[in-house]
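Asker: Give me the fold of what follows.
(chains A and B)
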Protein chains: 2
Amino acid sequence: MKKINIGLLGMGNIGTGTYKTLEMNRKQITENTGLELAITKILEKDVARKRDVTVSPEQFTQEPDAVLRDPGIDIIIELLGGIEPATSFMLTAMENGKHVVTANKAAVAANYEKLTDAAKANHVLFRFEASVGGGIPILNALTTALLANEYEEILGILNGTTNYILTKMAEDGRPYEDVLREAQEKGFAEADPTADVEGHDVANKLSILISLVFGKRVPPQEIPTEGITGVTMRDIEKAAADGGKIKLIATARRTGDGLEYHVKPVFVRGDHPLAGVNNEFNAIFVKGNAVDQLMFYGKGAGALPTGSAVMGDVIEIARAIAK
Amino acid sequence: MKKINIGLLGMGNIGTGTYKTLEMNRKQITENTGLELAITKILEKDVARKRDVTVSPEQFTQEPDAVLRDPGIDIIIELLGGIEPATSFMLTAMENGKHVVTANKAAVAANYEKLTDAAKANHVLFRFEASVGGGIPILNALTTALLANEYEEILGILNGTTNYILTKMAEDGRPYEDVLREAQEKGFAEADPTADVEGHDVANKLSILISLVFGKRVPPQEIPTEGITGVTMRDIEKAAADGGKIKLIATARRTGDGLEYHVKPVFVRGDHPLAGVNNEFNAIFVKGNAVDQLMFYGKGAGALPTGSAVMGDVIEIARAIAK
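Answerer: Predicted coordinates for the structure are as follows:
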């Protein structure tokens, strides 16, 4: 049986979830692919951290090149987060003939062409399903099964923290600051929630979607972006009175002569499928000129859902290598 | 540019939708695949029928072998419906080295092993995305991007006619017979609605899902199946009073020592994502041990949504041929 060796960059929460996804489903991944997948080397400083998986200490290294240039490694999974050194590491991996999988929306949004061009130039595959919508296999659907469509509109609830806050404001009648504080205490929101609540996280994801779906490159900082810090209880109550909800929506829509795009809090009618997407869930609504309305719903974050998307990309690449 | 020739079996409603999907999105299909796709021959008696597409009369034939054995044809799309002669035609096509795409749930459910075995033996691809959930790309997701999961549960609203009837009964407070009659007048339900309202259509789809997802062959007639003819206004009202809805649900669920499966009207809690799937829409809810909850929502029928799924399969096969 062909063996595929994988190098992992970063073993925090998502890295551990990815490792665990492979460990717990190894039997059926092997059955389904006819391949033996193994994470052989891990770039990670924190060797001592308690993790819910079995990793032998000699798998860890603190030397990037020991993973990126290891001739025995076929696929690199990048889960460091942040633009650098993640982007440089991915480029080095590609130059060394390695396929690359990442969940890193900041790096992909910032360096989309650089990364996709390098993959082409080095004849390797580059996949980033987990960077948009976490476990929801939206990028795969948009670039395979739905390709017979012209996409007219994409609307996304792409950030679990802000969707959780807006849901609780509406359900419990409590203002933004209250719910944010509770979310921080429960670990649903970060101590510094700026990237989430100001919409920057969503802008990164929308930039990736626009590049992939509409073939147009719009850097995240050029997407008009408004977060949820200005959403008042009055807005929430007015929306409810009008039979709908306020949601933080990423929009990309074809117009007569181009493309309209923005991230902002939007009134969603109660009968729109996105109105039923609550708490930490994410969803992507797509309108295609043949398929009409579609919606994909699921967990946009979390160790195992994200691990599912990362390993899904790895499996697709492994199958392509096997062929 | 490489040209891929397609033979079409049947040009009724779905066949016309498939032809139209290719016609209206030809430019971007060519851009995305680098391939020129052409439907060159069509097996169809009704040449005179008014269709909203341009087909030249010499494309039509009434001789199956003129399509199935044409050495210039790479892919056969089967849209005749019914178990025979559709199954025999697909087998003949495969024996003649042609890849096969179908939307025919009855034929796939009845002859799953025969068709998948023949595809393997003849080294051709066999795809049937449109046979379950119409335009929703669920089979593709379950067999590619989600493969790193063990599937725990699949729940589907897989029939638009019955979902429409149940929605109207709940919204308008009108009994089954009333709503069925209206649906028939509007063309949403067939003159003989048996296959829909008795659940047989859904059982076919569930049989396909079980084969594909759980690797277990359960012919549709062995799936315990109950339709919606026995659903009373009292059931609907009781569900509403309990904060939920009655939906016709196809269920396949792993149990300790095996698999539980059935098609029947089920109480769905108001906070379950399937509760918001109304009118003619379909949805498939999936629970995987890594990805957790996912839902895929869209149009389960109709000429263009089904055409989107059929052409999605054709594009995937064309890409594989090109490689």
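Asker: Stretch A:138-149 and chain B, are they touching?
Answerer: Yes. Looking at stretch A:138-149 against chain B by CB under 8 Å from any CB of the partner chain, the contacts come from A:140-141, A:144-149. Heads up, the C-betas are built off the backbone N, CA and C, glycines and all.
Asker: and that stretch, which residues are buried?
Answerer: A:138-142, A:144-149 (16 or more other CB atoms under 10 Å in any protein chain shown).
Asker: Any idea how far it is from the middle of the chain?
Answerer: Counting by CA atoms, centre = their mean, to the nearest Å, stretch A:138-149 is centred 16 Å from the centre of its parent chain.
Asker: before we move on, what about stretch A:189-199?
Answerer: For stretch A:189-199, the distance to the chain centre is 16 Å (CA atoms, centre = their mean).
Asker: Show me the contact partners of that stretch.
Answerer: Residues from elsewhere that reach stretch A:189-199, judged by CB atoms under 8 Å, 6 or more residues apart in numbering or on different chains: A:159, A:161-162, A:164-165, A:180, A:183-184, A:200-201, A:225-229, A:248, A:263-264.
Asker: Helices of chain A, residue ranges please.
Answerer: A:13-24, A:26-33, A:64-68, A:86-95, A:105-110, A:112-121, A:138-143, A:160-172, A:176-186, A:194-197, A:200-214, A:233-241, A:303-322 (DSSP state H).
Asker: C-alpha coordinates for the third one, CSV please?
Answerer: As requested, C-alpha coordinates have been extracted for helix A:64-68 and formatted as CSV (Å, rounded to 0.1, in the frame of the first residue of the first chain):
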residue,chain,number,x,y,z
PRO,A,64,11.3,24.6,9.7
ASP,A,65,13.5,23.2,7.1
ALA,A,66,13.5,19.8,8.7
VAL,A,67,9.9,19.6,7.6
LEU,A,68,9.7,21.9,4.6
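Asker: elements contacting it?
Answerer: Here helix A:64-68 touches strand A:2-9, strand A:35-43, helix A:86-95, going by 3 or more CB pairs under 8 Å, 6 or more residues apart in numbering or on different chains; DSSP states H and E.
Asker: Mind listing what's buried along that helix?
Answerer: A:64, A:67-68.
Asker: Would you mind naming what in the stretch 151-300 of chain A lies close to chain B?
Answerer: Residues of the stretch 151-300 of chain A lying near chain B (CB under 8 Å from any CB): A:271, A:273, A:275-276, A:278, A:281, A:288-299.
Asker: Restrict the residues you listed to the buried ones and give me that as a ChimeraX selection.
Answerer: Per 16+ other CB under 10 Å, the buried members of these correspond to this ChimeraX selection:
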select /A:273,275,276,278,281,288,289,290,291,292,293,294,295,296,297,298,299
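Asker: Which ones among the residues of the stretch 151-300 of chain A next to chain B map onto strands?
Answerer: A:281, A:288, A:292-299 (DSSP state E).
Asker: Let's have those in CSV, adding pLDDT.
Answerer: Formatted as CSV, these follow (pLDDT from 0 to 100):
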residue, pLDDT
A:F281, 97
A:G288, 98
A:D292, 98
A:Q293, 97
A:L294, 98
A:M295, 98
A:F296, 98
A:Y297, 98
A:G298, 98
A:K299, 97
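Asker: Quick check: of the residues you listed, which lies closest to B:G17?
Answerer: A:D292 (11.3 Å; CB to CB).
Asker: Give the closest residue to A:K168 in space, chain neighbours not counted.
Answerer: A:V179 (4.5 Å; CB to CB, 6 or more residues apart in numbering or on different chains).
Asker: before we move on, what about A:G288?
Answerer: The nearest residue in space to A:G288 (CB to CB, 6+ apart) is A:N149, at 3.1 Å.
Asker: Now do the same contact list for the one you found.
Answerer: A:288-291, B:21, B:25, B:308.
Asker: Tell me which two of those sit farthest apart.
Answerer: A:V291 and B:N25 (10.7 Å).
Asker: Looks like A:A250 contacts A:V263 (just checking).
Answerer: Yes. Contact criterion CB atoms under 8 Å: A:A250 and A:V263 qualify, at 5.0 Å.
Asker: overlap in contacts of these two?
Answerer: Common neighbours of A:A250 and A:V263, counting by CB under 8 Å, 6+ apart, are A:202-203, A:206.
Asker: Selection in ChimeraX covering whichever of the residues you listed are buried, please.
Answerer: Of the shared contacts of A:A250 and A:V263, the buried ones go into a single ChimeraX selection, burial set by 16+ other CB under 10 Å:
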select /A:202,203,206
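Asker: how about the shared contacts of A:A250 and A:V263 in TSV, adding pLDDT and distance to A:R127?
Answerer: Shown next, in TSV, are these (pLDDT from 0 to 100; distance: CB to CB, whole Å):
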residue	pLDDT	distance to A:R127
A:V202	98	21
A:A203	98	21
A:L206	98	19
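Asker: out of the shared contacts of A:A250 and A:V263, which one sits closest to B:G312?
Answerer: Nearest member of the shared contacts of A:A250 and A:V263 to B:G312, counting by CB to CB, is A:L206, at 23.9 Å.
Asker: How about the contacts made by the closest residue to the closest one other than its chain neighbours?
Answerer: Distance criterion CB to CB, 6+ apart; nearest residue to A:L206, sequence neighbours excluded, is A:A250 at 4.1 Å. Contacts for A:A250 (CB under 8 Å, 6+ apart) come out as A:154-158, A:202-203, A:205-206, A:209, A:262-263.
Asker: Swap in 7 Å and give it another go.
Answerer: Contacts here follow CB atoms under 7 Å, 6 or more residues apart in numbering or on different chains; on that basis A:A250 touches A:156, A:158, A:202, A:205-206, A:263.
Asker: quick one on the thing from earlier: what distance do you get for the residue nearest to A:K168 to A:A239?
Answerer: 16 Å (CB to CB, to the nearest Å).
Asker: which residues touch the closest residue to A:N289 other than its chain neighbours?
Answerer: Of all residues beyond its chain neighbours, the one nearest A:N289 is A:E150 (4.5 Å), with distances taken as CB to CB, 6+ apart. A:E150 makes contact with A:288-289, B:25, B:28, according to CB under 7 Å, 6+ apart.
Asker: now stretch A:137-148: how far from the chain's centre is it?
Answerer: 15 Å.
Asker: Also stretch A:21-39?
Answerer: 22 Å.
Asker: got the contact list for it?
Answerer: Here stretch A:21-39 has contacts from A:1-6, A:8, A:19, A:53, A:304, A:307-308, A:311, A:314-315, A:318-319, A:322, B:147-150, B:289-290, using CB under 7 Å, 6+ apart.
Asker: The same query, at a cut-off of 8 Å, please.
Answerer: A:1-8, A:19, A:53-54, A:59, A:77, A:304, A:307-308, A:310-311, A:314-315, A:318-319, A:322, B:147-150, B:289-290.
Asker: Report the residue ranges of every domain in chain A.
Answerer: What the record gives for chain A is the domain set A:2-135+A:303-322, A:141-298, from automatic domain parsing.
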